[in-house]
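K.L.:
Fold the following.
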Amino acid sequence: MKGWRGLAAGAAALAVAVSGCGTSTNSGGGTETKEITVWLMDGSAPTTLTDALNKEFESANGIKVKYEVQKWTGIQEKLTTALASSTPPDVIELGNTQTASFADQGTLADLTADAGQFNGGEWLGGLKDSLTLNGKQYGVPFYAANRTVIYRTDLFQAAGIAKPPTSRAEWIDAINKLKAANASNPEFQALYLPGQSWYFLLSLLWDEGGDVAKQDSGKWTGALDTAQAKAGFEAYKALYDASAAKKAPADTDEAKPQQMEVFGTGNVGMMIGLPWELAGAVKAKPDLKDKTSAFPIPSKKAGSSAPVFLGGSNLAIPAASKNSAAAKKYLALLSSKKYQDMLAEGGSVPGTSKDTAKLATNPVGKALADSAPNGKVTPVTPKWAAVEAGQNPLKDALTAYLSGAKSLDQATKDASDAITKAMG
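P.N.:
Numbering: from 1, shown residues only. Just a heads-up that it's a prediction; the model follows:
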């Protein structure tokens, strides 16, 4: 996925000037690092964290940090140019679905042997998978976020729902109770679920034991036509049909219209979303602040949560960095519990610490923390980008199946064939 705060991808190179890091010649004829350049993305880390981190690093190492905040818009092109230069930044942030592509191009340093100094035993599994290519690790997990079910506590109470559902069957029961309690409101939707929420579909596919693609002898093929994947589609349809689905579009995703705006109308009991979407809804309708909470996406297995797609970022060192030793010290400091706790306090799932106590201080944070260890990512291969680009086969399959334009078998077969072709 693109970085969850809004990564925009592109392929064309953008001509930018990339300044290198300062060095000076020492008496032995070598070079001594005086400065490292760090690129982090806008909104990824609180300034309280980065200010403290950079100050501590500079004090401990006598090396200045040239800290530059980048915008997600256009970052793919900017990184492409920077990583191809002889003077790239020394530490960069990458969206988790970007990492494999840049690693495959040979522009990221192999950090496999260094994982121990980056708190390797505490890495968040899904992000670790996203930076591992051909058995080697080309980065360090930074932070993650995942979708949870955001709900109206007042509407749950009025409908007699005593506690959040912890199984898919209980979830559908809650939907039915919400519909019955709000039958007098023709605009009410128990669960706002548009037809193309494919990141949520992934949770259902994985929960049923399916996947979007499989690899055999180095070749990727679509896997949406397996019995397990089809069961995931059926689970999506069951929720879609139960939730007054005709009020949600079958042919668009959660961004068209923005589901936080729909939730903010007050006519929705639940949505499957990210923390910033709840914040957007509350900003538009402030009285929702004390009427909302969240719970993990329920599994079909009672008492369990479904696997979730982990959006987020990794940190990497460009292969051409002249200051990789200093860059590793910077990543080691950022990977420490002190700064991982600060990430959690800022509302993110920390990438190199399993301690999420600082995150779980509110219901939404607790739902994130409970879900993240069960998180996964899309296939870790540069070939996956071709699936998401343009017409996404998973979206097409959902719309065709939900609208009745195609049978389940035909919709999933066509989507699998399209994935095989895109990853061929």
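K.L.:
quick one, phi psi at the residue nearest the centre of the chain?
P.N.:
What sits nearest the mean C-alpha location of the chain, by CA atoms, centre = their mean, is residue 311, with 0.5 Å. Here is the backbone geometry of residue 311 (degrees, to the nearest 10): phi -90, psi 150.
K.L.:
I'd like to know how far it sits from residue 148.
P.N.:
Distance, residue 311 to residue 148, by CB to CB, to the nearest Å: 12 Å. Yep, even glycine has a C-beta here, placed from its N, CA and C like the rest.
K.L.:
and what of residue 333?
P.N.:
Here residue 333 is placed at a distance of 30 Å from residue 148 (CB to CB).
K.L.:
So for those two, which residue has more residues nearby?
P.N.:
Shown here are residue 333 and residue 148; by other CB atoms under 10 Å, residue 148 has more neighbours (27 against 17).
K.L.:
Show the model's pLDDT score for the more buried one.
P.N.:
Looking at residue 148, its pLDDT reads 97.
K.L.:
Distance of it relative to residue 272?
P.N.:
7 Å.
K.L.:
Then residue 217?
P.N.:
From residue 217 across to residue 272, the span is 36 Å (CB to CB).
K.L.:
Residue 260 sits in which helix or strand?
P.N.:
Element membership for residue 260 (DSSP states H and E) is helix 259-263.
K.L.:
pLDDT (mean, whole number) over that helix?
P.N.:
For helix 259-263, mean pLDDT is 95.
K.L.:
same check, this time on stretch 274-286
P.N.:
In this model, stretch 274-286 carries a mean pLDDT of 92.
K.L.:
what do you get for stretch 413-424?
P.N.:
Mean predicted confidence for stretch 413-424 is 96.
K.L.:
tell me the SS of residue 69?
P.N.:
Under DSSP: H, G, I helix; E, B strand; the rest coil, residue 69 falls in the strand class.
K.L.:
Could you count how many residues lie near it?
P.N.:
15.
K.L.:
Test my guess that it contacts residue 45.
P.N.:
No. Counting by CB atoms under 8 Å, residue 45 is not a contact partner of residue 69; they are 9.4 Å apart.
K.L.:
Quick check: residue 233 vs residue 114, distance?
P.N.:
42 Å.
K.L.:
Look at those two and report which has more neighbours.
P.N.:
Neighbours were counted for residue 233 and for residue 114 using other CB under 10 Å; residue 233 has more, 24 against 17.
K.L.:
how about the more buried one, what does it touch?
P.N.:
Residue 233 sits next to 201, 204-205, 224, 397-398, 401, 408, 411-412 when contact means CB atoms under 8 Å, 6 or more residues apart in numbering.
K.L.:
Report the mean confidence score over stretch 346-366.
P.N.:
Per-residue scores along stretch 346-366 average to 93.
K.L.:
I meant to write stretch 389-403 there.
P.N.:
Mean pLDDT, stretch 389-403: 93.
K.L.:
any residues touching it, and which ones?
P.N.:
Against stretch 389-403 from outside (CB under 8 Å, 6+ apart): 9, 195-198, 201, 212, 222, 224, 233, 236-237, 240, 245, 250-251, 253, 387, 405-408, 410-412, 414-416, 418-419, 422.
K.L.:
run the last query once more with 7 Å
P.N.:
Applying CB atoms under 7 Å, 6 or more residues apart in numbering, the contact partners of stretch 389-403 are 195-196, 198, 201, 212, 224, 233, 236-237, 240, 250-251, 253, 387, 406, 408, 411-412, 414-415, 418-419.
K.L.:
Need the residues that contact stretch 214-232.
P.N.:
201, 204-205, 207-213, 379, 381, 383, 397, 408, 412-413, 415-417, 419-420, 423.
K.L.:
So which bits of that stretch are buried?
P.N.:
By 16 or more other CB atoms under 10 Å, the buried positions in stretch 214-232 come out as 220, 222-226, 229-232.
K.L.:
For the helix holding residue 260, buried residues please.
P.N.:
Under the neighbour-count criterion of 16+ other CB under 10 Å, helix 259-263 has 259-260, 262-263 buried.
K.L.:
Generate CSV for these, with distance to residue 339 as supplementary columns.
P.N.:
Converted to CSV, these look like this (distance: CB to CB, whole Å):
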residue, distance to residue 339
259, 32
260, 29
262, 36
263, 33
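K.L.:
If we only consider the residues you listed, which is nearest to residue 153?
P.N.:
residue 263 (13.5 Å; CB to CB).
K.L.:
Test my guess that the closest one contacts residue 192.
P.N.:
Yes. Contact criterion CB atoms under 7 Å: residue 263 and residue 192 qualify, at 6.3 Å.
K.L.:
Now do the shared contacts for these two.
P.N.:
residue 271.
K.L.:
any idea how far residue 113 is from the residue nearest to residue 324 when sequence neighbours are not counted?
P.N.:
In this structure, residue 324 finds its nearest non-sequential neighbour in residue 317, 5.5 Å apart by CB to CB, 6 or more residues apart in numbering. Separation of residue 317 from residue 113 (CB to CB) stands at 13 Å.
K.L.:
now do residue 199
P.N.:
Counting by CB to CB, the gap from residue 199 to residue 113 is 34 Å.
K.L.:
Neighbour count: the two, which is higher?
P.N.:
residue 199 (20 against 9).
K.L.:
Over to that one: give its phi and psi.
P.N.:
phi -70, psi -40.
K.L.:
wait, isn't it in contact with residue 147?
P.N.:
Yes. Residue 199 is in contact with residue 147 according to CB under 7 Å; the separation is 6.5 Å.
K.L.:
can you list residues touching both of these two?
P.N.:
Contacts common to residue 199 and residue 147, judged by CB under 7 Å, 6+ apart, are absent.
K.L.:
Quick check: residue 86 touching residue 320?
P.N.:
Yes. With contact defined as CB under 7 Å, residue 86 reaches residue 320; the gap is 6.0 Å.
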